[in-house]
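Undergrad: Sharing a sequence plus its predicted fold:
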Amino acid sequence: MRTHYILAVAAVVISAIVIAIYWPGLQGGFFFDDGPSILQADGVQLQSLSSDSLHQAWSSGGAGPSGRPVAQLTFALNHYFNGFEPFAFKATNLAIHLICGFLVFGLANHLIRATSHLAKSRPILFAPVGVASMWLLHPIQLLPVLHVVQRMTSLSALFLLAALLLHISAREPNERFGTLKLFVAWAVLWPLSFLSKETGALFPLFVLAWEMIVRRHAFGQLDRFALAFAALVGSAMLATMAYGLSPRGQWLWSGYDLRSFSVVERVLTEGRVLWFYLRLILLSQFELFGLYHDDIELSTDLVAPWTTLPALVGLGGLVWLAWRARIRAPLLSFGIVWFFIGHLLESTALPLETAHEHRNYLPLFGVLLVGAWALERARQLAGNYQTVGTTLAAVMLVNVTFVTALRSHQFEEDGRRTQIEAQHHRSSARAQFDAGQFMADRGDAQSSASPSFHFAAAHLQLSCNLALDGKMCWLGLINLNCQAGEPLPPDWTRELSRRLRETPFAPADRNVLYGLKEMAIAGKICLSRPEIDGLFAAALANSSVTPAVQAMLHSWHADYLWLRENDMVAARHALGQSLILNPGNASNRLKWAQLLFIAGEHDATAKLLLTLRGENLSGEERKTLAELAAAININP
């Protein structure tokens, strides 16, 4: 009872500290990827809890192969109860983070007790409490809380940790409800983890590591279940590798067409990135953390930069250490293996961006287990080792708490967030763009004599110079001068056109054309129609633009021609090109119906409206459909 009381008090105190530290950051707004997955996803704007609305929310995601529907549904529920209020979204993220912290405590408690020679002594409780506290308070965990869209990461981790704990409980000797627990872990929680984010697919590997290292140590051997499970997971991994190398699996690597690096360069770079993550975890210097890490130099071969080869050799040494320690130091071995498994999808060969801090949300646990093992070893040694180890752990906990508090204060306000990011990451094109865009959005930036105008121009120009295939920075510069009434240097539009036509067209680059047409329709940009037509033509001529994206660009061009230039002939031609490429797009078919109606072709409009019955349209589009139907006296 006394132990339970102490744990309850510790849980309340630690939770209160976490909430207090994150409170300033909860006041911040949406940023970066929050736009496409939340603010611009029609299904997230849930207006009712009907089955149709919930289904639309479920299928509203565009991130990852699965669309991450579980996370999308939680975003929609946030909107239903609080609208697009950032505080509510971030407070939900914090609640998920706290629940994950309790699960981390439970898992750490099991692992330390199963592998420790001191498991029967009362002070062993300090280790799992310390692991959970460090995990909750570490600054590398901040983005899954304050960057709303990274709920995908924390929610997936929540279901994965719960599934692993349930699997461990089910494998206890003489467990009465073992079969039921295994069913819930594998048939309910694992799919929920995967459908929150694809990293949930790593769950079987975490289970395998526990079976092969921790449970084997506890029971002295592998039972038939563990052997069969190892064979099954091994076969699945071989099948996955074979699929990835087969013609059918080439879609996994198609993303490299949109990247400025090759698969070899990414794998080489990730060796250095993993050590960078470990530096962030162990040293936790405030200025090293950031929303973006596009300032990390690419490794083009084993000696460029020279740290590439030592980094890979060092990782190989960690793998060797994990193997050697699996019998005599299972907690050390399991912690290292956990870290590597956690990075297996996002930090190896898949064509993702090279580095993001949120990828350490689960892997951090493995590093903390290694720390717990080191503290246990210190307790076993004579002299002052225990005092030194405990003091070092306490200093690290105070340091990470302080750095997290600083970062939370930074994320409280967009100006503070963007300007500190730009100051700490001078070589990050994205950080410079965000800082420039914030300054450009200030009201006084509309005067070329204001400091805001000059700061914005400097940040945006630096962003363009750093990212040789960057495009949004040029649109930002053009818009900045237009709003201030300054003449545009002719080479700006030419350079933007060249980059749209010749450099890899990344997924975010479509936002350049979307922003261009939105600003043009609102009359906020001073480009002529030939210049705007030319920019769309340049993007459409890019060989890396897929037919699906081409259809999107044609549709946006049609919006501009119709709503800004009032050229219905050109608008119908552009929208027609979009429908040729993607004839099933319901939104574009509704636009076509509007153009037909404007042209007086009411019979054709009526036929088209009837085909739109039951299509997946947003609430605003359904309103437009109803208005058109009423105008021509039909019941769609």
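TA: Arrived safely, thanks for sending.

Undergrad: From now on I want contacts and neighbour counts done on CA atoms only, so please keep to that.
TA: Will do.

Undergrad: and the closest residue to Ile140 other than its chain neighbours, how many neighbours does it have?
TA: Computed as C-alpha to C-alpha, 6 or more residues apart in numbering, the closest residue to Ile140 that is not its neighbour in sequence is Glu357, at 6.0 Å. Residue crowding around Glu357 was assessed by other C-alpha atoms under 10 Å; the count is 20.

Undergrad: Next: Glu287.
TA: Other residues near Glu287 come to 13 when the count uses other C-alpha under 10 Å.

Undergrad: Based on its surroundings, how many neighbours for the residue nearest to it when sequence neighbours are not counted?
TA: Setting aside the residues directly before and after it, Glu287 is nearest to His424 in space (C-alpha to C-alpha, 6+ apart), at 5.5 Å. Residue crowding around His424 was assessed by other C-alpha under 10 Å; the count is 15.

Undergrad: Go ahead and confirm His424 touches Leu288.
TA: Yes. Applying C-alpha atoms under 8 Å as the test, His424 and Leu288 come out as touching, 7.2 Å apart.

Undergrad: Tell me which residues of stretch 162-181 come out buried.
TA: Residues of stretch 162-181 classed as buried by neighbour count (16 or more other C-alpha atoms under 10 Å): 162-171, 178, 181.

Undergrad: Next, work out how far apart the spatially closest residue to Gln446 that is not a sequence neighbour and His454 are.
TA: Nearest non-adjacent residue to Gln446, counting by C-alpha to C-alpha, 6+ apart: Ala484, 4.2 Å away. Distance, Ala484 to His454, using C-alpha to C-alpha, to the nearest Å: 11 Å.

Undergrad: where do the contact lists of those two overlap?
TA: With C-alpha atoms under 8 Å, 6 or more residues apart in numbering applied, the overlap between the contact sets of Ala484 and His454 consists of Ser448.

Undergrad: just to revisit the earlier point, minimum pLDDT in the buried residues of stretch 162-181, which residue is that?
TA: For the buried residues of stretch 162-181, the minimum pLDDT belongs to Gly178; the value there is 90.

Undergrad: Verify the stated contact: that residue with Arg171.
TA: Yes. Taking contacts as C-alpha under 8 Å, Gly178 lies within contact range of Arg171: 6.6 Å.

Undergrad: residue contacts, Gln141?
TA: 135, 357-358, 360-361.

Undergrad: which one of those has the most neighbours?
TA: Ranked by neighbours (other C-alpha under 10 Å), those are led by Trp135, which has 25 neighbours.

Undergrad: count of neighbours near Trp320?
TA: 12.

Undergrad: tell me how far the helix or strand that contains it is from the chain's mean position?
TA: Here Trp320 is covered by helix 308-325, with elements defined by DSSP states H and E. Mean-position distance between helix 308-325 and its chain equals 28 Å (C-alpha atoms, centre = their mean, to the nearest Å).

Undergrad: Run through who's touching the following helix or strand past that helix.
TA: Sequence-wise, the next helix or strand beyond helix 308-325 is helix 330-342, with elements assigned using DSSP H and E. Defining contact as C-alpha under 8 Å, 6+ apart, one finds that helix 330-342 is touched by 111-112, 115-116, 202, 205-206, 209-210, 213-214, 217, 318-319, 321-326, 359-360, 362-370, 373.

Undergrad: what separates the helix or strand containing Ile19 from the chain centre, distance-wise?
TA: Ile19 belongs to helix 2-22 when elements are defined using DSSP H and E. For helix 2-22, the gap between its own C-alpha mean and the chain's C-alpha mean amounts to 29 Å (C-alpha atoms, centre = their mean).

Undergrad: quick one: buried residues of the strand or helix carrying Arg279?
TA: For Arg279, the element it lies in under DSSP H and E is helix 263-283. By neighbour count, with 16+ other C-alpha under 10 Å as the criterion, the buried positions of helix 263-283 are 263, 265-274, 276-278, 280-281.

Undergrad: is it true that Phe365 touches Ser133?
TA: No. With contact defined as C-alpha under 8 Å, Phe365 does not reach Ser133; the gap is 11.0 Å.

Undergrad: shared neighbours of these two, anything?
TA: Contacts common to Phe365 and Ser133, judged by C-alpha under 8 Å, 6+ apart, are absent.

Undergrad: what sits against Gly534?
TA: Counting by C-alpha under 8 Å, 6+ apart, Gly534 touches Ser497.
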